[in-house]
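**Q** When you get a sec, could you give me coordinates for this:
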Amino acid sequence: MTNYLKNAWYMAAWSHEVEGEALFRRRLLGDPVLLYRKKDGVIAAMVDRCSHRYAPLSMGSRDGDCVVCPYHGLTFNDAGQCVKNPFADKIPAGTSIRSFPAQERDGIIWFWPGDPELADGSAIPDFSALWIEGHGAPLSGLMPMKAPYQLGTDNLLDLSHIEFVHKGSFAGRGVIFAGTHEVVEVGDTLHSNWWMPGVDAPPHTMGMVEPGTKMDHWLDMRWNAPASMYLQVGAVMAGDDRGTNPIIAHQAHILTPEDETNTHYFWATTRGFPPNPEGDAMLRGLLEQAFIEEDKPIIEATYANMDGGDFWDMKPAFLGIDQGGTRARRKLEAMINAEANG
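**A** Predicted coordinates for the structure are as follows:
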């Protein structure tokens, strides 16, 4: 994990992905990771590789809160310690495996790949806005992406691309060119925000206001290292204060490296209405079109077109509207360097 920020919270899974007695495996930051719920519902996380002959523990079985290797039966507790050797009373040296601090919050399972002593739960990014009373759990998904996670961050912190990439879904229709952009840094948090006054009602207001109604529209994106982003999509009637009957959609865009060249892109959104099959299907279809059919191809093609080159060494041009992604890259690199030299 030498190329990653280690002392940070990364998203490992949506809460609903890890249920009951199941053993769940996902490759994260280059390592196979095993996730499961203990009897009390608390998440355990460890390397999914037995210390004896390296079999995946996720292919094994549960023994209470312990996991039994499917190959030779070594049993590991939730801290990764080998607690049973079926061939002798003695536990051989070197049998323990690495475990990770894990926490569950806002329907998200987070894990900490760095120094366990530094794992501070208060540093987990806040995504509580995804849960709106009466609107059910947020719609969520996971999109695999064949590109490094930093390219996904570039895309999300520069939403000007909606004018060109999302013509079939969100369709900027010129609103970006009618707006202003600013990047604000508050401590370790970056905010990349668009403000677009007096534009036609944006797509997220569909069914709530008449098409063509003039509204003041905003896209506020919050970034926390390594790549956790919260997007507030908002609108009010033109000229109103942002707090006056706003129509707001809250979204999560969280990127976790699978390895150096592949990314898990977790996404979620609130609804503007209580859950119903027809509305949910329409909303999910729109989002999957935007992410899978529009974002994913251009990001993956961009990475492939770099032919393995280093982002900075290739000397990218800058347009001003891309300063959010640029500053996030610089900030993350400084954090990684400080950690390596600390």
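**Q** for the longest helix anywhere in the chain, what is the average pLDDT?
**A** In the chain, assigned by DSSP state H, the helix with the most residues is helix 323-341. The pLDDT scores in helix 323-341 average 94.
**Q** Can you list the helices and strands that that helix packs against?
**A** helix 149-157, strand 180-186, strand 189-200, strand 214-224 (3 or more CB pairs under 8 Å, 6 or more residues apart in numbering; DSSP states H and E). Glycine gets a C-beta too; all of them are placed from N, C-alpha and C.
**Q** what's the distance between the third one and the middle of its chain?
**A** For strand 189-200, the separation from the chain centroid amounts to 21 Å (computed by CA atoms, centre = their mean, to the nearest Å).
**Q** what's it in contact with?
**A** Here strand 189-200 makes contact (CB atoms under 8 Å, 6 or more residues apart in numbering) with 157-159, 173, 175-176, 178-185, 211-224, 238, 323-325, 327-328, 331.
**Q** Ok, the shortest one next?
**A** Strand 180-186 is touched from outside by 160, 190-196, 320-321, 323-324, 327, with contacts defined as CB under 8 Å, 6+ apart.
**Q** now the residues you listed: which count as buried?
**A** Neighbour counting by 16 or more other CB atoms under 10 Å classes S160, L190, H191, S192, N193, W194, W195, M196, I321, Q323, G324, R327 among the contacts of strand 180-186 as buried.
**Q** about what we covered before: would JSON lines of the contacts of strand 180-186 with distance to G234 be doable?
**A** Listed next are the contacts of strand 180-186 as JSON lines, based on distance: CB to CB, whole Å:
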{"residue": "S160", "distance to G234": "18"}
{"residue": "L190", "distance to G234": "19"}
{"residue": "H191", "distance to G234": "14"}
{"residue": "S192", "distance to G234": "15"}
{"residue": "N193", "distance to G234": "10"}
{"residue": "W194", "distance to G234": "11"}
{"residue": "W195", "distance to G234": "10"}
{"residue": "M196", "distance to G234": "10"}
{"residue": "G320", "distance to G234": "23"}
{"residue": "I321", "distance to G234": "19"}
{"residue": "Q323", "distance to G234": "22"}
{"residue": "G324", "distance to G234": "18"}
{"residue": "R327", "distance to G234": "23"}
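**Q** what's the farthest-apart pair in the residues you listed?
**A** M196 and R327 (21.5 Å; CB to CB).
**Q** Pick the most deeply packed of the helices and strands packed on helix 323-341.
**A** Counting by mean count of other CB atoms under 10 Å, helix 149-157 has the highest mean neighbour count of the helices and strands packed on helix 323-341, with a mean of 23.
**Q** Show me what that one is packed against.
**A** strand 214-224, strand 228-237, strand 247-259, strand 262-269, helix 296-305, helix 323-341.
**Q** chain center to stretch 249-266: distance?
**A** Centre to centre, stretch against its chain (CA atoms, centre = their mean), the figure for stretch 249-266 is 4 Å.
**Q** And the lowest mean pLDDT element among the helices and strands of the chain?
**A** helix 162-165 (a mean of 86; mean pLDDT, DSSP states H and E).
**Q** sec struct for W110, please.
**A** Three-state assignment for W110 (DSSP: H, G, I helix; E, B strand; the rest coil): strand.
**Q** gap between the residue nearest to it when sequence neighbours are not counted and E163?
**A** The shortest distance from W110 to any residue other than its chain neighbours is 4.5 Å, reached at W9 (CB to CB, 6 or more residues apart in numbering). Separation of W9 from E163 (CB to CB, to the nearest Å) stands at 33 Å.
**Q** tell me the contacts of A268?
**A** Residues in contact with A268 (CB under 8 Å, 6+ apart) are W14, G107, F127, L130, P138, L139, S140, G141, Q251, A252.
**Q** which of those are buried?
**A** W14, G107, F127, L130, P138, L139, S140, Q251, A252.
**Q** what about stretch 259-277, how long is it end to end?
**A** Using CA to CA, to the nearest Å, the end-to-end distance of stretch 259-277 comes to 36 Å.
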